[in-house]
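Visitor: Here you go, sequence then predicted model.
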Amino acid sequence: MKDEPFLEHSPGVVLIRNQNTTIGYCRYFENGDVEYIFVNPLYRRKGHGSTLLREVEKITGKTGQAQQPISPLGRRFFSAHGVPLQDEAASQHEPLK
């Protein structure tokens, strides 16, 4: 049996997992801004980060910005997906309830 990934949702969080592990997750705000995105290194470069971003856009109906701090790898990822980066001096968001 193939171990297919699936999505799980909770307020402000999308997870992608298989039956054995969490492959990655994304924390986001109602306006579509991405607070944090992580994909397990063993599962990178397989489209899971892109899947997480698409799911956030589907849930919020918006394409937001990537929040600071952003790693060099994150900068390349968001740039490749056309996601703008938040200015480091920008204000903080309130968490989802």
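Guide: The structure has been received and is ready for your questions. Numbers count the residues shown, from 1 in each chain.
Visitor: how far away is the residue positioned nearest the centre of the chain from Thr51?
Guide: In the chain, the residue lying closest to the centroid (Cα atoms, centre = their mean) is Cys26, at 3.3 Å. Taking Cβ to Cβ, to the nearest Å as the measure, Cys26 falls 9 Å from Thr51. Quick note: C-beta positions are derived from backbone N, CA and C, even for glycine.
Visitor: His81 too?
Guide: From His81 to Thr51 the distance is 11 Å (Cβ to Cβ).
Visitor: again, but for Gly24
Guide: With distances taken as Cβ to Cβ, Gly24 is found 8 Å from Thr51.
Visitor: So for those two, which residue has more residues nearby?
Guide: Gly24 (21 against 18; other Cβ atoms under 10 Å).
Visitor: if we can go back for a sec, so what sits against both of Gly24 and Thr51?
Guide: Here Gly24 and Thr51 have Ile16 as joint contacts, going by Cβ atoms under 8 Å, 6 or more residues apart in numbering.
Visitor: Contacts for stretch 12-23 next, please.
Guide: By Cβ under 8 Å, 6+ apart, stretch 12-23 touches 3-9, 24-29, 35, 39-40, 43, 48, 51-52, 55-56, 59, 95-96.
Visitor: where in the chain is pLDDT low?
Guide: The chain contains residues with pLDDT under 70 at 1-2, 88-97.
Visitor: switch to 50 and redo it
Guide: Scanning the chain for pLDDT under 50 picks out 1, 89, 91.
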